[in-house]
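Q: Next input, structure requested:
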Amino acid sequence: MTPQDTALLATAKQNLEAESFAMKVAAKVGVPFETLMRMLPAGAQASIGEAVNRALEQCLQVALLDTRTTIAPRSKRLHTAATAVTGAIGGFFGLPGLAIELPVTTTVMLHSIAEIARSHGEDLTQPEPALACLQVFALGPNHTRLNSGAEASESAYYATRAALTQVTREAASYVAEKGLAKEGAPALVSFIARVAARFGLEVSEKAAAQLIPVAGAAGGLALNIMFTNHFQRLAEGHFAIRHLERKYGQPEVHQLYESLPTTP
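A: Just a heads-up that it's a prediction; the model follows:
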């Protein structure tokens, strides 16, 4: 691998592994993560889960249909500004506003992720690269892994990708053969469920932070900027690695990735 590509891989690893969203939120609001999560009222997880599933189902349509058309490129700053506005609205209405705000915010973020994917050479007219955009919502370091059987020495990024490989392959195969004629098809439901398992954690952390009295609309705006920037960085890392894997092969890139240090 060339020195330039090695540097690209090192940057990608920093984007993917350095700091979880929970740590960023805790630092922003000055409250430990565990305390934040205890602030969520009883029954909140159920409503958050419904909002997450609704948001991801809408994003599935966007990823597999809307991103296939040629749209005018927009900057990451424009997408971030748009999610900041939706965050302010959601923050004003508190937890009940999440059901309205989250699908809009997530869809705007997906468009930003799609632009990043294209910049790294992804062909979003194909189902697998389009679904890789939704995978971004499940990436990043966290206290929980999708793949509980992963080796402790393996990175959170590759462990998560491994856990998503089969459901992504099945969903891509289904879409390639039948399209989105039946959105409730088991292959698509399984894919959404696996992504939602991780994305729901991030949304819960954001929702809990918005319950802090000093937050409100201003807090919702700031948190959505953090939220969007977080997933944009994950997307930059994810698609840089996919670009390198197309160039050098997945085994070589994976091996080098694991050998690189992660700066806290």
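Q: use CA for all of it now, contacts and neighbours both
A: Will do.
Q: And for residue 56, the neighbour number?
A: Other residues near residue 56 come to 24 when the count uses other Cα atoms under 10 Å.
Q: so which strand or helix has it?
A: Applying DSSP states H and E as the criterion places residue 56 in helix 44-64.
Q: now do residue 199
A: Using DSSP H and E, residue 199 falls in helix 186-210.
Q: Give me the mean pLDDT for that helix.
A: Averaging pLDDT along helix 186-210 gives 89.
Q: angle of it against helix 44-64?
A: Between helix 186-210 and helix 44-64, the angle comes out at 130 degrees (axes from the mean of the first three to the mean of the last three Cα atoms, to 10 degrees).
Q: list the helices and strands helix 186-210 packs on?
A: Counting contacts by 3 or more Cα pairs under 8 Å, 6 or more residues apart in numbering; DSSP states H and E, helix 186-210 is packed against helix 21-29, helix 33-38, helix 44-64, helix 156-178, helix 216-248.
Q: Buried residues of stretch 236-249, list them for me.
A: 236, 237, 238, 239, 240, 241, 242, 243, 244 (16 or more other Cα atoms under 10 Å).
Q: To clarify, my last question referred to stretch 128-143.
A: 128-142.
Q: now swap in stretch 188-202 and tell me
A: So stretch 188-202, judged by 16+ other Cα under 10 Å, has buried residues 188, 190-202.
Q: Tell me the one of these nearest residue 34?
A: residue 201 (12.6 Å; Cα to Cα).
Q: Residue 246 versus the closest one, what's the distance?
A: Distance check for residue 201 against residue 246: by Cα to Cα, to the nearest Å, it reads 31 Å.
Q: What sits closest to residue 170 if chain neighbours are left out?
A: Closest residue in space to residue 170, ignoring its immediate chain neighbours: residue 187 at 5.8 Å, by Cα to Cα, 6 or more residues apart in numbering.
Q: Give the burial count for the one you found, as a bare number.
A: Neighbour count of residue 187, defined by other Cα under 10 Å: 19.
Q: Tell me who's in contact with it.
A: 167, 170, 171, 174 (Cα atoms under 8 Å, 6 or more residues apart in numbering).
Q: got the phi/psi numbers for residue 125?
A: Dihedral pair for residue 125: phi -80, psi -10, per degrees, to the nearest 10.
Q: Between the two ends of stretch 112-127, how far is it?
A: Distance across stretch 112-127, first residue to last, is 18 Å (Cα to Cα).
Q: Give me the buried stretch members for it, please.
A: Buried residues in stretch 112-127 (16+ other Cα under 10 Å): 112, 113, 114, 115, 116, 117, 120, 122, 124, 125, 127.
Q: Same list, those, but as CSV with pLDDT, secondary structure and distance to residue 12 please.
A: Below are these laid out as CSV (pLDDT from 0 to 100; DSSP: H, G, I helix; E, B strand; the rest coil; distance: Cα to Cα, whole Å):
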residue, pLDDT, secondary structure, distance to residue 12
112, 88, helix, 17
113, 91, helix, 15
114, 90, helix, 17
115, 89, helix, 17
116, 92, helix, 13
117, 94, helix, 13
120, 95, coil, 12
122, 95, coil, 16
124, 91, coil, 21
125, 90, coil, 24
127, 93, helix, 24
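Q: Now for those: which two are most distant?
A: 112 and 127 (17.7 Å).
Q: Now for the one residue sitting closest to the centre of the chain: which residues touch it?
A: Nearest to the mean C-alpha position of the chain, counting by Cα atoms, centre = their mean, stands residue 137 at 1.8 Å. Applying Cα under 8 Å, 6+ apart, we find residue 137 in contact with 195, 198, 199, 231.
Q: same thing but at 6 Å, please
A: residue 199 (Cα atoms under 6 Å, 6 or more residues apart in numbering).
Q: separation between it and residue 230?
A: Separation of residue 137 from residue 230 (Cα to Cα): 10 Å.
Q: any idea which of the buried residues of stretch 128-143 is the one closest to residue 16?
A: Once Cα to Cα is applied, the member of the buried residues of stretch 128-143 that ends up nearest residue 16 is residue 140, at 5.2 Å.
Q: Look at that closest one and give its secondary structure.
A: coil (DSSP: H, G, I helix; E, B strand; the rest coil).
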